[in-house]
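*Asks:* Okay, sequence plus prediction incoming.
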Amino acid sequence: MKHTLTFIGIVASLWDSLRLLRRLFVRAPGAACGLMLLPAMNGQASPASLRIETNPHYALIDYLSWDTEGGGRSVANLLQPGTGAGLRVRLDGQWQAATNLPTHREMLGKGGVRYRLIPGADAKLVWEIKPAADRLKLSFMCRGTGWKTTGGLEITFAFDPRVTPTTVLPKSWDAGGELRLPAIVNAPDFGQMLLACEDAPEVKARLEGNRAQRQVTLVVELPNIRPNHGVSLSLAPVYLAAPRTMRDKDWWGAARRGWFGAFQPSARWGDSGNPFSAPAGMLANNVISDPASCSLWFYADQAFWTPELAPGISAMSMVRRTVDWWLAQKVLPTGEVICYWDKTHFLDANAGPLIAAWDYVEATGDKEWLRKRIERLEFIAEFLAQRDVDGDGLVEATQSGNYGALQQPGRSCAWWDAVNCGHKEAYCNALIYRAWRCLADLEAKAERRAQQQRYDKLADRLKAGYAKTFFNPQTGWLGWWRSADGELHDYAAPTVNGLAIEYGLVEAAQGREILTRLRAKMQEAGFGRFDLGIPTTLVPIRRSDYLLPDAAGCPKRENGSDTFGFYMNGGISAGQALHFIMAHYVVGERQEADRILRAMLARQSQGGFQNGVVNKYPEGIDWTTWDGKPAGYEGYLADSFRFLQAVVLREPAARARLYRPLGAR
């Protein structure tokens, strides 16, 4: 049986690769001069490739793409067809697109291009595009006396998020949402390029998006160029080193392509006065999707292991910025944290920032930040403490979780917002347990002993009641939630069980028994596509336990069978496989964990966990069915890439570090 499943997985992976290549072969209309460069490093072939095509008539880059990990990804244009990358020139206070200016184009050696533009009387602009090896240089020179002091020059990169959601990871963001170069241009599954200005420090830029039209534009404000002087930008590949403490570097080689996938700072999109919008630079579902507080710890845990991205560029600085935004802008007077848009009553919305704050302080040692934020962190933690309405140690949601109770426009209490989980809910309580342990550790760092003892005591009480509340003796594993009417809603949920085992809320011996039973249930149900991840549930969710009267994945039949495998009705979200995998490592079943992880790594190497920004159900492969068909709507979900943390956490020393507040697992 094992070899049969492996063969099926290989065939499926090859088929997915062919589908990916068919989707990626996109060519910019009107593109003329094309160049793919295979660079050399130390006399040997580099894995990186760069492809660029310039317009024969206008000062415009029609096509720009790369693959820094080796392979054929650069066959897909990262730029919007028909828009590309071009210049805007300001003369006498008026902005003009360079495509409207008289232009002369000439070829340079080694595939380079020079555009000569005439913006006005006695004013000339020279733009040179020089690809060399695995990098690109863009140079600009002003000539003549016609340039006024009001002049300005911008280069705009119109990226196409339908191919992949290209975003930027800069040196810094300012309060108004502008960013400063150098910045990493992050094109998930294609690779990362460092964008820098050789002639001026901290050049300003903006990241602007349009969710409805699926557009992302990076606007770089080039510094003022004096007549007969120039300025240059460069793009060069970024190769992320393995985490310093990681021993088995072979696993890192298999994970590196997708690692940056979890880091998707948002473009500024939407009306800031409307909850359905995003400011620039917040870690989000994708560059033109929602920041969500319930997901913040996903990215923070990944950043925890991430070395410096490039000189002066840190993943943890993005975590700090995003945590600060949630704490400052999205906390209600009660201490409740908004989850996304204006949606409230999510328990993990409060737990997420607490865990992320621990990740940041533990990784950076920034006690000054902790000193300024500790009371705010306590404020949102106390909201959770007050939700233990019956004094049993567990935190109760406001949602009842009773059959038929979840109705639009409401949402559930957790990341699984289309599932009727509520009241005493196992996923959120596991996160709250970790959040309180993390806050207790932060209190110790801040030398606040009384507060440390309080949150440790809250965590102790939660742990004491957890397993006995959720364990189902009829199935031998944990149910998902116990509703207000006392019913245990058990859908054989691998993530919920895995998280509890991973965090030590059930003992190792019982954890091994639970995992054995769940694997047997998978086999009985016919699931074997571990390259996709792990299903949300192994049995269909009843209609009366789904978001009513209709939602993505909502069944029409009461037994849930008609949409089983779609979205949250038993579909597969790759990132949530992390906890089922980690549960196996924690209890010593390394072979089973490695088997799943290897299958998923093979798929991510082919770009199989995203199909660009889709924003239409069920066409996104941020969720898939059990046979790999699309079953989501985002298309790209940064959460999907968090399973890669397992390549680090499979090592006991790494688990001891991350799980230290829980006790080494």
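*Replies:* That came in fine, so what should we check first?
*Asks:* helices or strands up against the one helix or strand Leu195 maps to?
*Replies:* Using DSSP states H and E, Leu195 maps to strand 191-197. When contacts are defined as 3 or more CB pairs under 8 Å, 6 or more residues apart in numbering; DSSP states H and E, strand 191-197 sits against strand 60-67, strand 179-187, strand 230-237. Quick note: C-beta positions are derived from backbone N, CA and C, even for glycine.
*Asks:* so that strand versus strand 230-237, what angle?
*Replies:* Interaxial angle of strand 191-197 relative to strand 230-237 (axes from the mean of the first three to the mean of the last three CA atoms, to 10 degrees): 160 degrees.
*Asks:* List the first helix or strand encountered after strand 191-197 toward the C-terminus.
*Replies:* Assignment by DSSP H and E places the next element after strand 191-197 at strand 204-210.
*Asks:* Specify the stretch among the helices and strands packed on strand 191-197 that is closest to Ile380.
*Replies:* strand 179-187 (27.9 Å; CB to CB).
*Asks:* What average pLDDT does that closest one get?
*Replies:* The average pLDDT within strand 179-187 is 97.
*Asks:* do the same with stretch 462-481
*Replies:* 98.
*Asks:* And for stretch 648-664?
*Replies:* Rounded mean pLDDT across stretch 648-664 is 94.
*Asks:* What sits closest to Phe471 if chain neighbours are left out?
*Replies:* Leu478 (5.8 Å; CB to CB, 6 or more residues apart in numbering).
*Asks:* Would you mind listing the residues in contact with the one you found?
*Replies:* When contacts are counted by CB atoms under 8 Å, 6 or more residues apart in numbering, Leu478 touches 426, 467, 470-472, 490, 493, 496-497, 500, 506, 514.
*Asks:* Now go through the residues you listed and say which are in helices.
*Replies:* Secondary structure from DSSP state H places 426, 467, 470, 496-497, 500, 514 of the contacts of Leu478 in helices.
*Asks:* Domain ranges for the protein, per the record?
*Replies:* Following the assignment in automatic domain parsing, the chain carries domains at 33-237, 331-488, 492-665.
*Asks:* Quickly name whichever of the contacts of Leu478 is closest to Ser295.
*Replies:* Among those, Val496 lies closest to Ser295 (CB to CB), at 16.7 Å.
*Asks:* And the pLDDT at that closest one?
*Replies:* Val496 is given a pLDDT of 98.
*Asks:* how close does it sit to Phe471?
*Replies:* 12 Å (CB to CB, to the nearest Å).
*Asks:* who's more crowded, those two?
*Replies:* Here Val496 and Phe471 are compared on neighbour count by other CB atoms under 10 Å; more neighbours surround Val496, at 31 against 20.
*Asks:* So the more buried one sits against Trp480, correct?
*Replies:* Yes. Applying CB atoms under 8 Å, one finds Val496 in contact with Trp480, separated by 5.3 Å.
*Asks:* Overlap of the contact sets of those two?
*Replies:* With CB under 8 Å, 6+ apart as the test, Val496 and Trp480 both reach 426-427.
*Asks:* What segments of the stretch 1-150 of the chain are strands?
*Replies:* 33-37, 40-41, 44-45, 49-54, 60-67, 85-91, 94-97, 103-107, 113-120, 123-132, 135-143 (DSSP state E, counting those that start in this stretch).
*Asks:* Now do the longest one: which elements does it pack against?
*Replies:* The reference is to strand 123-132. Packed next to strand 123-132, using 3+ CB pairs under 8 Å, 6+ apart, are strand 33-37, strand 49-54, strand 85-91, strand 113-120, strand 135-143.
*Asks:* quick one: average confidence on the host helix or strand of Asp622?
*Replies:* Per DSSP H and E, Asp622 falls inside strand 620-624. If you average the pLDDT over strand 620-624, you get 98.
*Asks:* Give me the below-cutoff pLDDT ranges for the chain.
*Replies:* When residues are selected by pLDDT under 70, those of the chain lie in 1-46, 120-121, 145-151, 664-665.
*Asks:* So what touches stretch 644-661?
*Replies:* 243, 245-248, 251-252, 254-255, 258-259, 261-262, 301-302, 304-305, 358, 434, 437-438, 440-441, 503-504, 578, 581-582, 585-586, 590, 593-594, 597, 601, 604, 664-665.
*Asks:* What's the PyMOL line that selects buried ones from those?
*Replies:* The PyMOL command for the buried members of the contacts of stretch 644-661 (criterion: 16 or more other CB atoms under 10 Å) is given here:
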select buried, resi 243+246+251+252+254+255+258+259+261+262+301+302+304+305+358+434+437+438+440+441+503+504+578+581+582+585+586+593+594+597+601+604+665
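*Asks:* Confirm Leu458 sits in a strand?
*Replies:* No. When classified by DSSP: H, G, I helix; E, B strand; the rest coil, Leu458 is found to be helix rather than part of a strand.
*Asks:* The residue lying closest to it once chain neighbours are set aside: helix or strand, and which one exactly?
*Replies:* By the measure of CB to CB, 6+ apart, the closest residue to Leu458 outside its immediate chain neighbours is Trp436, 5.0 Å from it. Take DSSP H and E as the rule and Trp436 turns out to sit in helix 426-445.
*Asks:* same for that helix, what does it pack against?
*Replies:* helix 348-364, helix 367-386, helix 449-470, helix 494-502.
*Asks:* so which of these gets nearest Met141?
*Replies:* So among the helices and strands packed on helix 426-445, helix 348-364 is nearest, using CB to CB, at 41.4 Å.
*Asks:* Please export the C-alpha coordinates of that closest one as PDB.
*Replies:* Provided in PDB are the C-alpha atoms of helix 348-364 (Å, rounded to 0.1, in the frame of the first residue of the first chain):
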ATOM      1  CA  ASP A 348      -7.700  33.300  18.300                       C
ATOM      2  CA  ALA A 349      -7.800  37.000  17.300                       C
ATOM      3  CA  ASN A 350      -6.500  37.700  20.800                       C
ATOM      4  CA  ALA A 351      -4.300  34.700  21.100                       C
ATOM      5  CA  GLY A 352      -2.500  35.400  17.800                       C
ATOM      6  CA  PRO A 353      -0.800  38.700  18.700                       C
ATOM      7  CA  LEU A 354       0.200  37.400  22.100                       C
ATOM      8  CA  ILE A 355       2.100  34.500  20.600                       C
ATOM      9  CA  ALA A 356       3.600  36.800  17.900                       C
ATOM     10  CA  ALA A 357       4.800  39.200  20.600                       C
ATOM     11  CA  TRP A 358       6.600  36.400  22.300                       C
ATOM     12  CA  ASP A 359       8.200  35.300  19.000                       C
ATOM     13  CA  TYR A 360       9.400  38.900  18.400                       C
ATOM     14  CA  VAL A 361      10.900  39.400  21.900                       C
ATOM     15  CA  GLU A 362      12.400  36.000  22.100                       C
ATOM     16  CA  ALA A 363      14.100  36.300  18.700                       C
ATOM     17  CA  THR A 364      15.300  39.900  19.100                       C
END
